[in-house]
Structure formats: structure tokens, C-alpha cells
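# This is a predicted model, with the sequence first.
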Amino acid sequence: MSKFTPTPFLTSTGRLLWGDLYTPRTTDFDGNPLVTKSGPNAGAPRVVFDFGVAFAKRPGETHFGQSELGAIIWAQGHKDHPQSAPRPDFAWKVTDGDSQVYGKPYKGKSTRPCDKEGYPGHWVFSFGGGDAPRIVNHDGSAYILDKDAVQAGDCVQVSGSVVGNEGASPGVYLNHRFVSFQGPHRDGRIVQGADPKTLGFGAGPQFPGQIAMPAGAMAAPA
């Protein structure tokens, strides 16, 4: 049981930018298996359901602590870790979408937040937990049970809590509980991983002697 008392929150509507609400992640971002780091189950395999949601910066906001959700997180971090919160390595679980600083390489690539789809002009908060979030409709009156009904690029609200962590690296946890689907985004859904539009489909023969279409094939509708 945590020695800290969590503070509940309900976010405004933001855009889901990355993560999977239905399938847990079993490895870290370097490909190593996730394991419990402390306590009686230290070393045991674990899973995490994590995802990032972008919230538009309001005029005049220059620090995430000035945002609605950021103010709650900022207060919790300083309450639970008053000595560590001022440190530059404190894990606030938030990214400045306009940052031009290159992040930690992932799968051989290192990118700046400002170059990622949906990041510029936003604070991007990272939510996580060991259980899948419960997904509901726009007002919470019904559960959405269809798998993959909500995907990256959609607009959502998140209900959860923030609490200081108790590990060796100081920071906070943004624990999700419910995700409410508020609707699609005008820019559509976000392709995670390889973009099929860049793979060369429909470009014709790729190898010497290869025919463009097999006998009997008809053109697909647009």
C-alpha cells in the first residue's frame, strides 16, 4: 500500500496520440521484459497499459504546471516528494509538444516532440496502469466493449489519479481508470508503427520479370 494519498482527476478532452488501450505492453522501450522492480514480487514479469494524450496549451501557458491537469500533478509531486520535485530528472509524465530537444532513441530513431504528429501546441501527458482502462461513451452512461473501438487519433477524456512513486527514481504516476470516447478528430486517426502508404503498394512490378497484375485481376475501387 502506498504511503502517499492519490489525488483524483478528470481531464478535459484531449487527443489520444500513442499507446494501446486494449493490449498491454510487456517490454520497455528498449525491448527488455518488464519486471516488478521492488517489493515481495521483485523480478516477476509485469504488464502495463500506457498511452499519451495531448491537451491544447491555453494562451500564455509556458509551463505544464499552468495547465488544468498540470496544476494537479505539480501540486502532488511537490507534496509527495518535496525534496526531489525541483530536480531536473523528476518524472512528471508530461512532454512539451513544442520542445525541439531530441528524445531518447527508440528503435534506432531519435525524434523531437515538435516533429511528431499532434504534439505541437500541446502538453502531452503519459498515463499508465497494470489493468486495462475501462472505456465508456461520451457521458459515461455505457461501456464500449468493441475491441479497438478507440484508437490513436481519437478524442478522449481520462478519469484517474496522480500519486508520487516510491521507487529509486523520483516522480509521479498518472494512473488511469476510465477513458471516455468523445469522438473522432478532424485530422483522423494516427498510424502507429510503419505507415502502409510508404511501403510501395500499388506501384507495379518490384522484381525483374514480375507481372503487374495476375491474370483475371480487376482494378480495386477507389
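That came through, no problem. Since the model is a prediction, treat every value here as computed from it, not as a measurement.
# can you count the residues close to the residue lying closest to Pro170 once chain neighbours are set aside?
Closest residue to Pro170 apart from its sequence neighbours, by Cβ to Cβ, 6 or more residues apart in numbering: Ser84 at 3.6 Å. C-betas here are computed from N, CA, C, even on glycine. Other residues near Ser84 number 16, with proximity taken as other Cβ atoms under 10 Å.
# got it, and Gln182?
Neighbour count for Gln182, taken as other Cβ under 10 Å: 19.
# Ignoring the adjacent residues along the chain, who's closest to it?
Nearest non-adjacent residue to Gln182 (Cβ to Cβ, 6+ apart): Cys155, at 4.4 Å.
# residues touching the one you found, list them.
Thr13, Gly14, Arg15, Leu16, Phe181, Gln182, Gly183, Pro184, His185 (Cβ atoms under 8 Å, 6 or more residues apart in numbering).
# any idea how far Asn32 is from it?
Cys155 sits 33 Å away from Asn32, taking Cβ to Cβ, to the nearest Å as the criterion.
# repeat for Ala44
Taken as Cβ to Cβ, the span from Ala44 to Asn32 is 15 Å.
# low-confidence ranges in this structure?
Within the chain, the stretches with pLDDT under 70 are 1-2, 38-39, 105-108, 110, 193-213, 216-222.
# wait, doesn't Phe4 sit right on Ser161?
No. Under the criterion of Cβ atoms under 8 Å, Phe4 makes no contact with Ser161, lying 10.5 Å away.
# Would you mind finding the longest strand in the chain?
strand 172-183 (DSSP state E).
# Packing partners of that one?
helix 68-80, strand 122-127, strand 134-136, strand 155-164 (3 or more Cβ pairs under 8 Å, 6 or more residues apart in numbering; DSSP states H and E).
# Point me to the helix or strand that includes Asp30.
Assigned by DSSP states H and E, Asp30 falls within no helix or strand.
# For burial, what's the neighbour tally of it?
Asp30 - counted by other Cβ under 10 Å - has 9 other residues nearby.
# Strands along this structure, start to end?
According to DSSP E, the strands that the chain contains are 7-10, 14-19, 51-56, 94-96, 122-127, 134-136, 155-164, 172-183.
# could you dump the ones you listed to TSV with distance to Gly70?
Below are the strands of the chain laid out as TSV (distance: least, Cβ to Cβ, whole Å):
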stretch	distance to Gly70
strand 7-10	10
strand 14-19	12
strand 51-56	9
strand 94-96	7
strand 122-127	6
strand 134-136	24
strand 155-164	10
strand 172-183	11
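# Nearest to Tyr102, out of the ones you listed?
The minimum distance between Tyr102 and the strands of the chain falls on strand 94-96, with 12.5 Å, by Cβ to Cβ.
# so who does Val162 touch?
Contacts of Val162 by Cβ under 8 Å, 6+ apart are Pro6, Thr7, Phe9, Ile72, Ile73, Gln76, Val172, Tyr173, Leu174, Asn175.
# Relative to His63, how far out is the third one?
In this case it means Phe9. 18 Å.
# For these two, work out which one has more neighbours and name it.
Neighbour totals were compared for Phe9 and His63, and Phe9 leads with 18 against 12 (other Cβ under 10 Å).
# With Thr23 as the reference, measure out to the more buried one.
When Phe9 is compared with Thr23 (using Cβ to Cβ), they lie 25 Å apart.
# Thanks again, I'm all set now.
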